[in-house]
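1. need coordinates for the below:
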Amino acid sequence: MTKIAFIGFGEAAGLLTDGLAEAGAEVTATYDILINDPAKAETHKQKAASKGVIAAAEAQQAVAGADIVISAVTSKEILVAAKNVAPHLKAGQIYMDINSASPEAKREAAMVIETSGADFVEAAVMDLVPPHGHKVPMLLAGVKAEALTATLSAYGMNVKAIGETIGNASSVKMVRSVFMKGFSAILLESLVAADKLNAADAVLESLQVTYPDMNWKTLASKSMSRLIQHSKRQSEEMSSVAATLEELGVEPITATATGARLGWLADLELVEVLDTLPETYNEFLKILEQHSQNA
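-> Next up, the predicted model:
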């Protein structure tokens, strides 16, 4: 049975754990820096315990004996995580980095990990983890990408190896993010502006006529709710997207603007003050209006 450990245990790691465990893999432990935060450590431990996973007090404990170590932190912490884990890895282990980061950041992390004798494989997550869970599409790159693809496919994961060169998978992911996160930012900005005219419904109804195959009101409601949760992470990721475009010789005009708009929402810190997330885009807009009045 394949033994898997996680570095970072947020939403994505939790959902992957659920699917992998159900498919027969053994998720043994996780190390998350929340363990060192008195205000959040207990919640983290309870989450891990509910999934049958040990909440390790340090990285060394988490990765000991694991066949695959999956790094699921944030884009800013990719190198920090690699440096923390590398001294405790050994030959035969695979370190799989699923974080959204630039190709250069992936290559730097790979160099750190490979000094331990372990193998580094980058994974580009190509869709939202919910609702796919561990079956979310991923592209893998690295010397052990083919071998890892075979192992994870046996547990139902939707993975595809695209070569041995670190950076190739993340490049595809970053280019995709120009559209995906740009789309969210455009929809956000359009709705906020339309709300100033009491015309949010009218704008979405017009889009429905132009693009009838999409349910725009449902899409807007789901998108705005998720942005409250993830705008901070996504705005940070756009820095990696911009860096990737610059490496490709493309001026990151849209990527930079997307990061700024998502960062604007993140700076409101709505996720910290809301008891429940809005279920509709109109509820979302009312929350923004109330926040503006109270500011």
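
2. spit out the contact partners of residue 27.
-> Contact partners of residue 27, counting by CB atoms under 8 Å, 6 or more residues apart in numbering, are 4-6, 17, 20-21, 51-53. (C-beta placed from N, C-alpha, C; glycine too.)

3. and the pLDDT for the closest residue to residue 171 other than its chain neighbours?
-> Nearest residue to residue 171, sequence neighbours excluded (CB to CB, 6 or more residues apart in numbering): residue 103, at 5.1 Å. Residue 103 carries a pLDDT value of 94.

4. cool, residue 291 as well?
-> pLDDT at residue 291 comes out at 87.

5. looks to me like it is in a helix.
-> Yes: counting by DSSP: H, G, I helix; E, B strand; the rest coil, residue 291 is part of a helix.

6. wait, it touches residue 269, no?
-> No: shown here, residue 291 and residue 269 do not form a contact pair, counting by CB atoms under 8 Å, at 9.4 Å.

7. hmm, back to that, between the contacts of residue 27, which has the most around it?
-> residue 6 (32 neighbours; other CB atoms under 10 Å).

8. so who does it touch?
-> Contacts for residue 6 were tallied using CB under 8 Å, 6+ apart; they are 13, 16-17, 27, 29-32, 53, 62, 69-72.

9. equivalent analysis for residue 8, please.
-> 30, 32, 71-74, 77, 81.

10. now, which of those residues sits nearest residue 130?
-> Using CB to CB, residue 72 comes nearest to residue 130 of those, at 14.0 Å.

11. what's the burial count for the closest one?
-> 26.

12. which residues touch it?
-> 6-10, 12-13, 16, 98-99.

13. residue 96: which element?
-> strand 94-97 (DSSP states H and E).

14. check which helices and strands that strand sits against.
-> strand 68-71, helix 78-85, helix 103-114, strand 119-125, helix 145-153 (3 or more CB pairs under 8 Å, 6 or more residues apart in numbering; DSSP states H and E).

15. list of residues touching the fourth one?
-> Contacting residues not belonging to strand 119-125 are listed as 12, 93-98, 100, 106, 109-110, 113-114, 136-145, 148, 159, 166-167, 169-170, 172-173 [CB under 8 Å, 6+ apart].

16. who does it pair up with?
-> Here strand 119-125 is paired, per DSSP bridges, with strand 94-97 (parallel), strand 138-141 (antiparallel).

17. out of those, which comes closest to residue 193?
-> Comparing the strands paired with strand 119-125 under CB to CB, the one sitting nearest is strand 138-141, at 35.7 Å.

18. how far away from the center of its chain is the closest one?
-> 14 Å (CA atoms, centre = their mean, to the nearest Å).

19. hey, C-alpha coordinates of it in CSV?
-> These are the backbone C-alpha positions of strand 138-141, laid out as CSV (Å, rounded to 0.1, in the frame of the first residue of the first chain):
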residue,chain,number,x,y,z
MET,A,138,-3.3,17.3,-13.0
LEU,A,139,-0.3,17.5,-15.3
LEU,A,140,2.9,16.1,-14.0
ALA,A,141,6.5,16.9,-14.9
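
20. look up how far residue 186 lies from residue 243.
-> According to CB to CB, to the nearest Å, residue 243 and residue 186 sit 22 Å apart.

21. which one of those two is surrounded by more residues?
-> Set residue 243 next to residue 186 and count neighbours by other CB under 10 Å: residue 243 wins out with 18 against 14.

22. list the contacts for the residue nearest to that one when sequence neighbours are not counted?
-> The shortest distance from residue 243 to any residue other than its chain neighbours is 4.4 Å, reached at residue 102 (CB to CB, 6+ apart). By CB under 8 Å, 6+ apart, the contact set of residue 102 is 170, 174, 240-241, 243-244, 247.
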